[in-house]
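Trainee: Please work out how this folds:
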Amino acid sequence: VSIDVDRLRSIRLLGVAVVGLSGIALLLLVQLTGGTPNPLNHLGYLPVLLSAFIFGLRGGILGAIYVGLLLGPIPPVLGLIGGHENLETSVFRAAILLVAGATTGELFDRVRSHLADLQSVAIEVVDRQRDGMVALARGAEAKDTDTGDHVVRVQAISSELALAAGLEPETATSIGWSAM
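Mentor: Alright, predicted model coming up:
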C-alpha cells in the first residue's frame with residue numbers, strides 16, 4: 001500500500017491549523033463569557049481529542065498542554081479581562097486534559113496499528129486465494145490442456161477488456177482473477 005507523503009503532510013498541516021485555531025477560538029469564547037471558571041472550559045476537550053485523533057499519543061499530549069496553557073496561565077499573562085483561576089485549579093485541569101489526550105491518543109495509535117495488521121493479513125489472504133486458483137487451473141490443464149488454456153485465456157481477455165473500458169489497472173487485474 002503506497003502512502004502519498006505530500007498528501008499526508010498537507011493533512012497534518014491542516015490538522016495543526018484546525019487544532020490551533022480551535023484553541024484560540026476556545027480562549028476567546030471563554031474570555032468573552034467572563035473568563036474562568038466557566039462551563040465552556042469543557043470545550044477544551046475538542047482540540048485535545050482532535051489532535052489525539054490526527055497525531056496519536058504525541059498529539060494528544062501536546063494538545064492537552066496547549067489547551068491547558070490557554071485556559072490556565074496564558075490569559076493573565078496576556079492581561080485578558082475576565083476571571084482567572086488559581087494555579088492549582090489550572091494545573092488540575094491540565095492534568096485531566098493530559099490524561100484524556102494521552103489515553104485517547106494511545107487508543108487511536110493502537111487502532112491504526114491493528115488496522116494496518118488487518119490490511120496486511122487481507123493482502124496475504126488474497127495472495128493465497130490467487131495461488132489456489134492458479135493451482136486449480138494448472139490441475140485442470142494437466143488433465144485437459146484445452147480447459148487449462150481456456151482458463152488462462154479468459155483471465156487475460158477479461159483483464160484486457162477491463163483496461164480497454166478505462167478501469168484502473170488494479171481493478172482490471174482483480175476482474176481478470178475473478179474471471180478465472
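
Trainee: How about S178, nearest residue that isn't a chain neighbour?
Mentor: S158 (7.5 Å; CB to CB, 6 or more residues apart in numbering). C-beta here means a position set from N, CA and C on the backbone, and glycine is covered the same way.

Trainee: Surely that neighbour is in contact with T173?
Mentor: No: the criterion here is CB atoms under 8 Å, and S158 misses it with T173 at 9.7 Å.

Trainee: Now do the buried residues in the helix or strand containing S158.
Mentor: Per DSSP states H and E: S158 is located in helix 145-164. By 16 or more other CB atoms under 10 Å, the buried positions in helix 145-164 come out as G148, V151, Q155, S158, S159, A162, L163.

Trainee: Please save the CA atoms from it in PDB.
Mentor: In PDB, the C-alpha atoms belonging to helix 145-164 read as follows (Å, rounded to 0.1, in the frame of the first residue of the first chain):
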ATOM      1  CA  THR A 145      -4.900 -28.800 -21.900                       C
ATOM      2  CA  ASP A 146      -7.800 -27.100 -23.700                       C
ATOM      3  CA  THR A 147      -9.600 -26.400 -20.400                       C
ATOM      4  CA  GLY A 148      -6.400 -25.200 -18.700                       C
ATOM      5  CA  ASP A 149      -5.500 -22.900 -21.600                       C
ATOM      6  CA  HIS A 150      -9.100 -21.600 -21.700                       C
ATOM      7  CA  VAL A 151      -9.000 -20.600 -18.000                       C
ATOM      8  CA  VAL A 152      -5.800 -18.600 -18.600                       C
ATOM      9  CA  ARG A 153      -7.200 -17.000 -21.800                       C
ATOM     10  CA  VAL A 154     -10.400 -15.900 -20.000                       C
ATOM     11  CA  GLN A 155      -8.300 -14.300 -17.300                       C
ATOM     12  CA  ALA A 156      -6.200 -12.400 -19.800                       C
ATOM     13  CA  ILE A 157      -9.100 -11.300 -22.000                       C
ATOM     14  CA  SER A 158     -11.100 -10.100 -19.000                       C
ATOM     15  CA  SER A 159      -8.200  -8.000 -17.800                       C
ATOM     16  CA  GLU A 160      -7.700  -6.500 -21.200                       C
ATOM     17  CA  LEU A 161     -11.400  -5.700 -21.600                       C
ATOM     18  CA  ALA A 162     -11.400  -4.000 -18.300                       C
ATOM     19  CA  LEU A 163      -8.400  -1.900 -19.200                       C
ATOM     20  CA  ALA A 164     -10.000  -1.100 -22.600                       C
END
